[in-house]
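K.L.:
how would this look folded up:
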Amino acid sequence: MKRIIISLAIVFATLSVSAQKVTIAAAANLRYVLEEIKTAYVKQNPKAKVNLTFGASGMLVQQIMNGATYDLFMAADTEFPLKLKEKGLTTGAMSTYAFGKLAMYSTTLDIDKIGLGALKDPSVKKIAIANPETAPYGERSVQLLKNWKMYELLKTKIILGENISQAAQFAFTGNAEIGFIALSLALAPEMTGKGSYYIVPQNLYKPIEQACILIKTPVLNTESARFKKFVLSPATKSIWEKFGYSVPGK
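P.N.:
All right, here's what the predicted structure looks like:
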């Protein structure tokens, strides 16, 4: 009987430790804002271990469908989380956590003064966009160019990044004169002051509503539910706004 009690104690201790871990699959545009939110969360919950993996929303969905072990999916849209929900791979409700903004970035042009007119500049040979098949920000970039009647004229100049971070890197390193990126990346410490950016008018593309959802796991991960609740709480509002996002009104 004593051995059984000891064994159960070990099992519960193991479960307790694993419950303190949360592994998050997050859209690449969240790289900097989510690091700050993680820091704030761990400050309040010192025992928590939060692991972040960033990538294009569509690629992360494929990984989850193929059995990748994540606890929470934070996408750059609402469609990719719904795909997982339809496959029965999630638990609980899908929640909108922020609205993103599309921006243009350049290290060679005063794009903040020129705006969309920079696309007509003859010095522009390459325009970086995230893959529209897997990255919602890339899909919105193509939508913008089509709405502005510029896509056919510029499509030979477009180079695709695997995700929005790679598109930003192309523009940051000068491999593309212009990059369509998330405003949150243009405001990141790595890029601020090293180029100029222009916030694309939001009426030129479909709103970027970003949502999260818990992934179904063999053992209930209470830490992931707590982290999701924290992300959606007023405590993170100022962090989202610092990186150019707006948060849903209550």
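K.L.:
Gln169: what secondary structure?
P.N.:
With DSSP: H, G, I helix; E, B strand; the rest coil as the basis, Gln169 sits in helix.
K.L.:
not counting sequence-adjacent ones, nearest residue to it?
P.N.:
Among residues not flanking Gln169 along the chain, Gly161 sits closest, at 7.2 Å (CB to CB, 6 or more residues apart in numbering). Using the backbone N, CA and C atoms, a C-beta is placed for each residue, glycine as well.
K.L.:
ok, now Lys101?
P.N.:
Leu183 (4.1 Å).
K.L.:
likewise Val124?
P.N.:
In space, and not counting its chain neighbours, Val124 is closest to Glu177: 4.5 Å by CB to CB, 6+ apart.
K.L.:
wait, isn't the one you found in contact with Thr108?
P.N.:
Yes. The criterion here is CB atoms under 8 Å, and Glu177 meets it with Thr108 at 5.3 Å.
K.L.:
if we can go back for a sec, the residue nearest to Lys101 is in contact with Thr192, isn't it?
P.N.:
No. With contact defined as CB under 8 Å, Leu183 does not reach Thr192; the gap is 11.5 Å.
K.L.:
residue ranges with poor pLDDT in the chain?
P.N.:
1-20, 250 (pLDDT under 70).
K.L.:
same thing but at 80, please
P.N.:
1-20, 249-250 (pLDDT under 80).
K.L.:
okay, Glu177 and Thr108: which has more neighbours?
P.N.:
Between Glu177 and Thr108, Glu177 has the larger neighbour count (other CB atoms under 10 Å), namely 22 against 16.
K.L.:
hang on, the earlier thing: compare neighbour counts for Leu183 and Thr192 and give me the winner.
P.N.:
The neighbour count for Leu183 versus Thr192, taken as other CB under 10 Å, is higher for Leu183 (23 against 11).
K.L.:
wasn't Leu214 part of a strand?
P.N.:
Yes. Judged by three-state DSSP, Leu214 forms part of a strand.
K.L.:
for it, list the residues it contacts.
P.N.:
Counting by CB atoms under 8 Å, 6 or more residues apart in numbering, Leu214 touches 71-73, 90-92, 224-225, 228.
K.L.:
which residues does it bridge with?
P.N.:
Leu72, Thr91 (DSSP bridges).
K.L.:
same check on Phe99?
P.N.:
Taking DSSP bridges as the rule, Phe99 bridges to Glu209, Ser246.
K.L.:
can you confirm Ile129 is in a strand?
P.N.:
Yes. Using three-state DSSP, the assignment for Ile129 is a strand.
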